[in-house]
Each structure stands twice: as C-alpha cells, then as structure tokens.
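[1] Have a look; sequence and predicted model below, questions after that.
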Amino acid sequence: MAGFVFATGLILIVGGIMVPIPLRFQVLSVVLGVLLYQTALLRMYDRFLPNERKYLALRAETNRLLTLVRDMNQAAVTARSMGMDRASYVEPIVRQMHATVDRLPLVAAELAADTPQTLH
C-alpha cells in the first residue's frame with residue numbers, strides 16, 4: 001500500500017510540473033503529491049525501524065514521576081493563588097514522588113514479556 005501511495009505522490013508531483021494546466025491546479029497537484037510522498041516514506045520507515053519498548057515497567061514509573069511533577073506544580077500554583085502555604089499542598093505529592101523514585105531501581109532492566117511491544 002505504501003508503494004502505491006509513494007508512486008501516486010510522484011506522479012502528482014511530476015504531472016503537476018510537466019503537464020500544461022492552470023497554475024492553481026499545478027500547485028494543488030504538487031502539494032498533494034508531496035503530502036502523499038511523505039506519508040509513504042513515513043510508513044516505510046516505520047516498517048524497517050520499529051519503535052520497540054522492552055522495559056515497560058521502568059517507562060511506567062518514569063511517566064508516573066513526570067505526572068507527579070506536573071501535579072506538584074499545579075498544587076503549588078493553586079496554593080499560591082489562594083494565599084496558602086505551598087508546603088502543605090505539595091508535601092503529599094513529594095512523598096509520592098519519593099516512593100516512585102525508590103521504585104525505579106527495582107524496575108530497572110525488568111523486561112515486560114518475552115516479546116517487546118512495537119509501537120506504530
């Protein structure tokens with residue numbers, strides 16, 4: 001399928017340049033051809049170089065830590081806007097962050113299943 005999209009994109013590009021049609025249609029043909037061409041290239045690239053994630057537990061803990069950083073910032077902004085002490089709002093989230101950081105060495109190098117997940 002990617003080959004067909006690739007060839008169609010090339011035909012539209014070359015046809016838009018070589019065929020004597022109004023300028024508006026030439027530009028439209030070339031733009032559409034370039035979009036199809038790039039789409040086909042990205043699909044072919046994904047097939048040859050898949051994005052494999054083997055360490056899903058470590059990825060999940062890292063994502064959790066990033067979520068907690070966002071939550072901590074939101075709690076601090078809320079506390080500041082209410083004129084409250086930021087430490088009291090942020091402290092429970094900081095404890096969760098410490099627990100997450102303590103789990104990181106436990107899940108490091110832990111493989112998910114026998115086969116890695118491929119993302120497309």
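    Nice, I can see it.
[2] Can I take it that Glu52 is in a helix?
    No. With DSSP: H, G, I helix; E, B strand; the rest coil as the criterion, Glu52 is located in strand rather than a helix.
[3] tally of neighbours for it?
    10 (other CB atoms under 10 Å). C-beta: built from backbone N, CA, C; applies to glycine.
[4] what do you get for Ser29?
    Ser29: 19 neighbours (other CB under 10 Å).
[5] how near is it to Phe6?
    16 Å (CB to CB, to the nearest Å).
[6] One more: Gly16?
    To Phe6, Gly16 is 16 Å away according to CB to CB.
[7] again, but for Tyr45
    Taken as CB to CB, the span from Tyr45 to Phe6 is 12 Å.
[8] Which segments of this protein make up each domain?
    Following automatic domain parsing, one finds the domains of the chain at 2-51, 53-113.
[9] Distance from the last one to the middle of the chain?
    To tie it back to what came earlier, the one meant is domain 53-113. Here domain 53-113 shows a centroid-to-chain-centroid distance of 20 Å under the convention CA atoms, centre = their mean, to the nearest Å.
[10] Ok, the shortest one next?
    Here domain 2-51 is found 24 Å from its chain centre; the criterion is CA atoms, centre = their mean.
[11] quick one, strands of this structure?
    In the chain, the strands defined using DSSP state E lie at 51-53, 117-119.
[12] tell me the average confidence for the first one?
    Right, the one you point to is strand 51-53. Averaging pLDDT along strand 51-53 gives 71.
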